[in-house]
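In: predicted model, plus sequence, below.
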Amino acid sequence: MAVQTMSRNKKVVRILPTVAALLLTGCNSVVLRPFGDIAAQQSHLIVISTVLMLLIIVPVIVLTLVFAWHYRQSNAKATYAPEWDHSIHLELIIWAAPLLIVIALGAVTWISTHTLDPYRALKQIEPGRPAPRGQALVIEAVALDWKWLFLYPDQRIAVVNELAAPVDVPIQFKITSENVMNSFFIPALAGQIYAMPGMETQLNAVINHAGDYEGLSANYSGAGFSGMHFRFKGMSAADFALWVQDAKASGVELTPDGYRVLEKPSARVPVQRFGSISPDLYESILNRCLEPGGACLRDTMSVHDMPVLSRKD
């Protein structure tokens with residue numbers, strides 16, 4: 001029996017370093033150490049919310065252990081009062097403390113919900129540095145099965161599974177999907193935003209440090225979902241200009257016909273670059289009217305929204 005116990009203890013000792021290493025990997029999580037101002041504010045919100053909740057959780061855990069130890073059967077000094085059922089002072093503490101925590105969490109949530117509204121143009125690129133007006137980089141993101149297509153309307157280029165932006169320049173994402181709901185997520189930049197077919201969501205963000213960051217789909221969308229990743233590159237203005245020129249050098253134009261080929265399901269697709277794009281390609285994707293002569297969603301909805309006019313005979 002002793003031999004079995006010693007063997008079991010040795011196994012536990014061997015496992016403990018592995019468990020500790022797995023727990024410590026979360027310490028460098030990019031969500032808590034982001035590289036963009038919006039993600040940094042969201043990180044602060046997570047920390048503040050966690051601390052506020054721990055103000056209740058930690059005392060409850062500690063007091064549970066203290067009470068269990070103090071009122072154990074072998075402790076003859078513990079007062080035994082089976083008829084006790086009420087204490088005004090204890091009730092005030094039990095209800096007042098959580099109420100104050102809920103009020104604080106509600107205030108923080110309300111303020112951050114408006115401050116971090118993804119549709120809201122950036123007020124700053126980092127603390128103490130206001131965002132420049134009228135200089136946002138527009139990127140149109142389309143979720144496909146199972147890849148990402150990024151259109152740069154001002155630069156007239158398109159890239160599959162790769163994204164780049166200059167450091168300290170506001171970015172305005174316009175996001176949609178080809179067929180199923182998906183989720184656009186760059187942890188270092190900002191929180192996830194859903195992509196839905198026939199609808200456009202937006203995200204305003206900024207990257208403050210040059211680097212190569214991971215982007216992914218955060219919503220399950222079928223068999224190729226696990227490979228639906230892309231790289232987001234934060235660059236200097238000069239490097240971004242070179243990156244754009246490299247895309248233009250491909251000489252390939254992304255036309256509606258080319259898009260229909262691209263949209264076919266495929267997994268783990270390598271980076272593809274298109275040196276030019278057809279005018280209004282993104283609007284055609286968004287409004288589901290790539291086919292020649294097809295009715296666009298915006299036109300269909302405008303017809304249905306027209307008031308019915310009564311006619312007197």
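Out: Perfect, I can see it now. Residues are numbered from 1 along each chain as shown.
In: shaky segments in this structure?
Out: 1-28, 293-294, 301-313 (pLDDT under 70).
In: and the helices in it?
Out: Along the chain, the stretches classed as helices by DSSP state H are 2-24, 37-70, 88-115, 237-248, 256-262, 281-286, 297-305.
In: OK, contacts around residue 182?
Out: 143, 194-196, 217, 219, 221, 228 (C-beta atoms under 8 Å, 6 or more residues apart in numbering). Using the backbone N, CA and C atoms, a C-beta is placed for each residue, glycine as well.
In: run the last query once more with 6 Å
Out: By C-beta atoms under 6 Å, 6 or more residues apart in numbering, residue 182 lies in contact with 143, 195, 217, 219, 221.
In: equivalent analysis for residue 272, please.
Out: residue 160.
In: kindly report the same for residue 38.
Out: Residues near residue 38 by C-beta under 6 Å, 6+ apart: 190, 205.
In: can you check residue 300 too?
Out: By C-beta under 6 Å, 6+ apart, residue 300 lies in contact with nothing.
In: now it: how far from residue 281?
Out: Applying C-beta to C-beta, to the nearest Å, the value for residue 300 to residue 281 is 20 Å.
In: same deal with residue 72?
Out: From residue 72 to residue 281 the distance is 72 Å (C-beta to C-beta).
In: likewise for residue 257?
Out: Taken as C-beta to C-beta, the span from residue 257 to residue 281 is 11 Å.
In: so which of the two has more stuff around it?
Out: Neighbours per residue, other C-beta atoms under 10 Å: of residue 257 and residue 281, the larger number sits with residue 281, 22 against 10.
In: tell me, how many residues neighbour residue 40?
Out: 18.
In: again, but for the one 3 residues further on
Out: Counted by other C-beta under 10 Å, the residues lying close to residue 43 total 17.
In: export stretch 129-148 as CSV, just CAs?
Out: Extracted C-alpha coordinates of stretch 129-148, given in CSV (Å, rounded to 0.1, in the frame of the first residue of the first chain):
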residue,chain,number,x,y,z
ARG,A,129,-2.7,61.7,-28.6
PRO,A,130,-6.0,62.7,-30.4
ALA,A,131,-6.9,60.9,-33.6
PRO,A,132,-6.2,62.9,-36.8
ARG,A,133,-9.4,63.8,-38.7
GLY,A,134,-10.2,62.5,-42.1
GLN,A,135,-7.2,60.1,-42.3
ALA,A,136,-8.8,56.8,-41.5
LEU,A,137,-7.7,53.8,-43.6
VAL,A,138,-10.8,52.0,-44.9
ILE,A,139,-10.7,48.2,-45.1
GLU,A,140,-13.6,46.1,-46.4
ALA,A,141,-13.5,42.6,-44.9
VAL,A,142,-15.5,39.7,-46.4
ALA,A,143,-15.8,36.3,-44.6
LEU,A,144,-15.7,33.5,-47.1
ASP,A,145,-15.7,29.7,-46.6
TRP,A,146,-13.0,29.4,-45.2
LYS,A,147,-10.8,32.4,-45.7
TRP,A,148,-10.9,36.2,-45.4
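In: which ones are touching the residue nearest the centre of the chain?
Out: What sits nearest the mean C-alpha location of the chain, by C-alpha atoms, centre = their mean, is residue 192, with 2.0 Å. Counting by C-beta under 6 Å, 6+ apart, residue 192 touches 183, 185, 218.
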